[in-house]
Structures are given as structure tokens and as C-alpha cells.
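1. structure of the sequence below:
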Amino acid sequence: MGLLRGIREGLREWKAALDARHAEEGRKLLAEREERQRVRKREGALERMPYAEYLKSPEWRARRAEALRRDGHACTECGSTVSLQVHHTTYRRRGRESLSDLETLCRDCHRGRHGRDESEDTTRFLVDSPTRAASELEECFNSRGWRASRELTFGPDDGERVAVAVAIPGVDAEYKLMSIIRKHFPDARWREIPTHGYWD
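-> Now for the predicted structure:
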């Protein structure tokens with residue numbers, strides 16, 4: 001009887017220890033899942049927020065500092081250490097950029113990289129439509145004398161898609177864009193992307 005009692009007590013202790021271990025592993029898995037959800041939610045918010053606001057976010061400031069450190073706080077084209085900016089080589093992963101998406105440039109090289117010849121009052125937008133081809137958007141915008149080109153971009157909910165980057169002159173650029181979208185592409189989405197004063 002004593003032997004059986006000892007075996008039963010040993011099994012109870014073993015089961016209690018196993019249950020405690022499983023409970024701890026479950027808590028860790030739950031915490032990891034909640035952290036992944038929090039990160040995805042924040043990345044989605046960063047991707048959707050106005051670009052000027054994104055450039056003020058702590059996430060962008062940290063990535064910008066990493067890129068500057070990697071590049072030795074110097075322009076990767078001319079070596080200048082003055083008026084440095086961090087250039088996005090792609091906007092596909094905005095809010096979760098890898099260092100390979102970023103490059104340190106001085107202001108002059110940055111302007112040259114983007115080939116900007118727009119006036120200071122030009123506003124740039126990224127536009128896409130779930131039902132219309134990007135080529136249609138591009139053709140429509142170019143026919144109005146706006147500079148438009150197709151870009152591969154990334155959305156947190158719908159993955160890769162082809163959108164159109166368009167530069168529109170004038171202080172009423174967003175009104176002009178909205179007028180065209182309402183008339184020709186009512187389901188299109190757009191957001192402002194960086195230009196002159198806050199381009200990174």
C-alpha cells in the first residue's frame with residue numbers, strides 16, 4: 001500500500017508540474033501572439049498615416065538614425081556631411097523598412113535622385129483603384145499635364161499592388177485630384193507622399 005501511495009503522489013506531483021509548465025508555455029504563446037498583433041496594428045497605422053506625420057514618428061526616427069550610422073553620417077553619392085536626408089529606395093514597407101530600403105543622401109543628391117523639376121508648390125500623391133488598371137490612372141493624369149508613373153507599393157491588408165505616383169502643381173492640388181477621382185475613378189484611394197520640405 002505504501003508503494004502505491006508513493007506512486008500516486010509522485011504521479012500527482014508530476015501532473016501538477018506538467019500542468020504548470022503547460023500553463024506557463026500557454027501564457028508565453030499568448031503574450032507573443034498579442035505582441036505580434038500589436039506590432040501589425042502599429043505597422044498598419046504607420047503605413048496609412050500622412051507621410052509628414054510618419055516622419056515625426058519614433059519608429060521612423062529610429063530607422064533614420066540606424067541608416068545614418070550605417071552610412072557613416074555622409075552622403076552615399078558625394079560624401080557630403082551637410083544637410084543629410086534618408087532616402088526611401090521603396091515605399092513598399094513603409095513603417096517596417098529594412099536598412100536595405102534606406103540610403104543617406106545630401107539634399108542636392110536627394111533632389112537629383114528623384115529627378116525633381118517640379119515647382120515648390122507641387123504636391124505628390126500615391127493613387128490606386130481596386131477595379132481600374134494603374135495604366136488607366138496614369139494615362140488620365142498625364143493627359144492633364146501632371147507627371148504620373150506606376151509604382152509597386154504595399155498595403156497591410158491587400159499585399160503588393162501597382163499604384164500611380166502623381167505630381168500635381170498648385171496649392172489646390174488635392175482638390176484637383178479629388179475632382180478627377182470623383183468623376184472617373186470613384187473607388188480609388190490616395191494618400192499624399194513626400195515632397196520638397198519634408199521628403200525623406
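
2. from here on, contacts and neighbour counts on C-alpha atoms
-> Will do.

3. could you list the low-confidence segments of the chain?
-> Flagging of the chain using pLDDT under 70 yields the residue ranges 1-2, 114-121, 152-161, 171, 194-200.

4. domain assignment for it?
-> Split into domains by automatic domain parsing, the chain comes to 1-48, 50-114, 123-198.

5. excluding its backbone neighbours, what's nearest Ala173?
-> Beyond its immediate neighbours in the sequence, the residue positioned closest to Ala173 (Cα to Cα, 6 or more residues apart in numbering) is Thr123, lying 6.3 Å away.

6. measure the one you found to Val166 for me?
-> Taking Cα to Cα, to the nearest Å as the measure, Thr123 falls 8 Å from Val166.

7. same check on Val127?
-> In this structure, Val127 and Val166 are separated by 8 Å, where distance is defined by Cα to Cα.

8. I'd say the residue nearest to Ala173 and Arg191 touch.
-> No - assessed by Cα atoms under 8 Å, Thr123 is found out of contact with Arg191, at 10.7 Å.

9. tell me which of those two has more neighbours.
-> A direct count of neighbours by other Cα atoms under 10 Å for Thr123 and Arg191 places Thr123 higher, at 21 against 16.

10. backbone phi and psi for that one, please?
-> Summarising the backbone geometry of Thr123 under the convention degrees, to the nearest 10, its torsions are phi -120, psi 140.

11. what's opposite it in the beta bridge?
-> Here Thr123 sits in beta bridges with Ile168, as judged by DSSP bridges.

12. quick one: the helices in this structure?
-> According to DSSP state H, the chain carries its helices in the segments 2-48, 51-54, 58-70, 107-114, 134-143, 173-184.

13. can you show me the CA trace of the second one as PDB?
-> Output for helix 51-54, consisting of C-alpha atoms alone and laid out as PDB, is shown next (Å, rounded to 0.1, in the frame of the first residue of the first chain):
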ATOM      1  CA  TYR A  51       3.800  61.000 -44.600                       C
ATOM      2  CA  ALA A  52       4.700  64.200 -42.800                       C
ATOM      3  CA  GLU A  53       3.300  62.700 -39.600                       C
ATOM      4  CA  TYR A  54       5.100  59.400 -40.200                       C
END
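
14. middle-most residue in this protein, spatially?
-> For the chain, the residue sitting closest to the mean C-alpha position, by Cα atoms, centre = their mean, is Arg94 at 1.4 Å.

15. excluding chain neighbours, what is closest to that one?
-> Once flanking residues are discounted, Arg94 sits nearest to Glu47: 5.4 Å by Cα to Cα, 6+ apart.

16. the one you found: neighbour count?
-> Neighbourhood size, Glu47 [other Cα under 10 Å]: 20.
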